[in-house]
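>>> Whatever this is, show me its structure:
(chains A, B, C and D)
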Number of protein chains: 2
Amino acid sequence: MAVERSANREPRIPLTRHRVLQAAVGMADRGGLPSLTMRSLAAEVGVEAMSLYYHVANKDDLLDGVIEVVVGEINDAVREIDGADGEDWKQVVRQRILAARQVLLRHPWAPGVMETRTTSSPLVMRYYDDLLGLLRRGGFSNDLAHHALHVLGSRALGFTQELFEPDDNGGGDGGDGEDAAAMVVQMADQFPNIAGMVMEVSHGDPANTLGWCDNQLEFEFALDLILEGLERRRDALPTGGPGDRASA
Amino acid sequence: MAVERSANREPRIPLTRHRVLQAAVGMADRGGLPSLTMRSLAAEVGVEAMSLYYHVANKDDLLDGVIEVVVGEINDAVREIDGADGEDWKQVVRQRILAARQVLLRHPWAPGVMETRTTSSPLVMRYYDDLLGLLRRGGFSNDLAHHALHVLGSRALGFTQELFEPDDNGGGDGGDGEDAAAMVVQMADQFPNIAGMVMEVSHGDPANTLGWCDNQLEFEFALDLILEGLERRRDALPTGGPGDRASA
DNA sequence: ACCTGAACACCGTTCAAGT
DNA sequence: ACCTGAACACCGTTCAAGT
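Below is the predicted model:
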């Protein structure tokens, strides 16, 4: 019987652009963005590094494609929400953005590389066009909807930069396994407001909160605040803003 | 008379960490972040690449230091505003954030590297502690002020990710020097909401607006919306929120 | 104390060449 | 059409060595 050569790497499927991108997303998910190099990706799909250049123009193109995959997932996750029977624009937008966020929590490296992309892909355009449609049907003028996109910014796609990562504290010097409360007291003279806030928000036990916040709760707090502010502005202006067709 | 050796590179000053960081900031300002390599930075200060490692632990440490310089500039720019006689917290916070933004407009590469830093420096802590103090004196509870920091996010330091860079459009394929209006019409079927918005917001002449927005105006619109939303929440809660000391 | 030369392991990428 | 080997120009970084 004929032997399948190198049975562990299944060289049957002839490697397509789509498979390259899928593998790249998987690598970044598991090993982080720095682990995604042309050479390591090639090894992952069982090929030499230079073979990738047949399916991908260069690394920039690879990253574009990888973002395309992620935004595709977002669009898929978001599409179901659009068809709901609810009429309130605020609820629909809220649900969509929270759904997008769920996707990005599976690809925590994606926001960082999204921000480096210059070319806006058709899928991103699709996402924003749909969002814009929701705002328009919700009674927003084009002018205000345009502002809304800017206010939401990256939050529209489901992510925000975290304030502090649960990684390091900027306060003390020696505290490795020490008592967190002692550290807060120690930095109370340098940063009294922060120390006081941590002490109070963490209900007197800073060990639970220091360097860590409930990101989901904070994300929703911010999102609701912004949506409420947008609604107030929509209701303030009847239809069109001032200075609409003033200049040529 | 004794000859100063290699007069163009003034090797008099023996090169300090501070000078290295200053040179690094200057390089990034002029040539962008990719131009800032250990080798090119060394050449800039008139030294071999390996000499930098005497003043800087590694490139990560260099980037930390470079951010330290930028945040130092922000703190300097912001300090003047604190001492004003105005009492309105919203005005003071607004002025501070807009001043921080002015600094970052001179270092457009800085936000990108800030987001990659994990360790929060004392200067960033200083900035947030001062901001927190302003909120507290403005009548915010610690809990709400904590939320406020999250809502503001990176905007507190004066920057937001831009929605679209004036770089590329995701719509057409062939339009290089073509009429912008024709391009909008062309993509009207794929992205009708975007096309309609661009047409209207640009007052019928999309050539002026396509791929470009007034970032200063959008930044202030978002900032004002957020500050207004925060104020409404401050006025809604008397002092402390519900569920304050419930759990152990 | 401050700087250097040579070397290492790693990138992305080109190009002519294989099947 | 799809893949490869060898090579290039560039990284950050180490280490023993110079003054």
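>>> alpha carbons only for contacts and neighbour counts from here, please
Will do.
>>> Near residue A:235, how many other residues are there?
11 (other C-alpha atoms under 10 Å in any protein chain shown).
>>> do the helix or strand encompassing residue A:219 and chain B meet?
Per DSSP states H and E, residue A:219 falls inside helix A:215-236. Yes - contact of helix A:215-236 with chain B (C-alpha under 8 Å from any C-alpha of the partner chain) involves A:218-219, A:221-222, A:225-226, A:228-230.
>>> Would you mind listing what in chain A touches DNA strand D?
Counting by C-alpha under 7 Å from any atom of the strand, chain A comes close to DNA strand D at A:14-16, A:47-52, A:54-55.
>>> Let's verify the spatially most central residue of chain A: helix, strand, or coil?
Centroid-nearest residue in chain A, with C-alpha atoms, centre = their mean: residue A:159, separated by 3.4 Å. Classification of residue A:159 by DSSP: H, G, I helix; E, B strand; the rest coil places it in coil.
>>> per-residue confidence for it?
The score at residue A:159 is 88. That number is its pLDDT.
>>> residue ranges with poor pLDDT in chain A?
A:1-12, A:83-86, A:162-178, A:204-212, A:237-248 (pLDDT under 70).
>>> and the top helix by length along it, anywhere near DNA strand C?
Criterion DSSP state H: the longest helix present in chain A is helix A:59-82. Yes - counting by C-alpha under 7 Å from any atom of the strand, contacts between helix A:59-82 and DNA strand C involve A:59-60.
>>> quick revisit: and the residue nearest to the centre of chain A, its phi and psi?
When read as degrees, to the nearest 10, the backbone of residue A:159 gives phi -140, psi 150.
>>> if I look at it, how far off is DNA strand D?
29 Å (C-alpha to the nearest atom of the strand, to the nearest Å).
>>> Run through the residues that contact that residue.
Residue A:159 makes contacts with A:101, A:104, A:111, as judged by C-alpha atoms under 8 Å, 6 or more residues apart in numbering or on different chains.
>>> OK, contacts around the second one?
Residues touching residue A:104, when contacts are defined by C-alpha under 8 Å, 6+ apart, comprise A:70, A:74, A:110-111, A:158-159.
>>> will you turn those into a markdown table that also has distance to residue A:191?
Listed next are the contacts of residue A:104 as a markdown table, based on distance: C-alpha to C-alpha, whole Å:
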| residue | distance to residue A:191 |
| --- | --- |
| A:70 | 40 |
| A:74 | 40 |
| A:110 | 33 |
| A:111 | 31 |
| A:158 | 32 |
| A:159 | 29 |
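>>> Narrow those residues to those that are buried.
Buried by 16 or more other C-alpha atoms under 10 Å in any protein chain shown: A:70, A:74, A:110-111, A:158-159, out of the contacts of residue A:104.
>>> of all those, which comes closest to residue B:29?
The nearest member of those to residue B:29, counting by C-alpha to C-alpha, is residue A:111 at 24.1 Å.
>>> what about the helix or strand that closest one falls within and chain B, touching?
According to DSSP H and E, residue A:111 maps onto helix A:110-116. Yes - part of helix A:110-116 sits near chain B under the criterion C-alpha under 8 Å from any C-alpha, namely residue A:115.
>>> Write out the residues of chain A neighbouring DNA strand C.
So chain A meets DNA strand C at A:35-40, A:49-50, A:53, A:58-60 (C-alpha under 7 Å from any atom of the strand).
>>> And the helices in chain A?
For chain A, applying DSSP H gives helices covering A:17-31, A:38-44, A:52-55, A:59-82, A:89-106, A:110-116, A:122-137, A:142-152, A:180-186, A:192-201, A:215-236.
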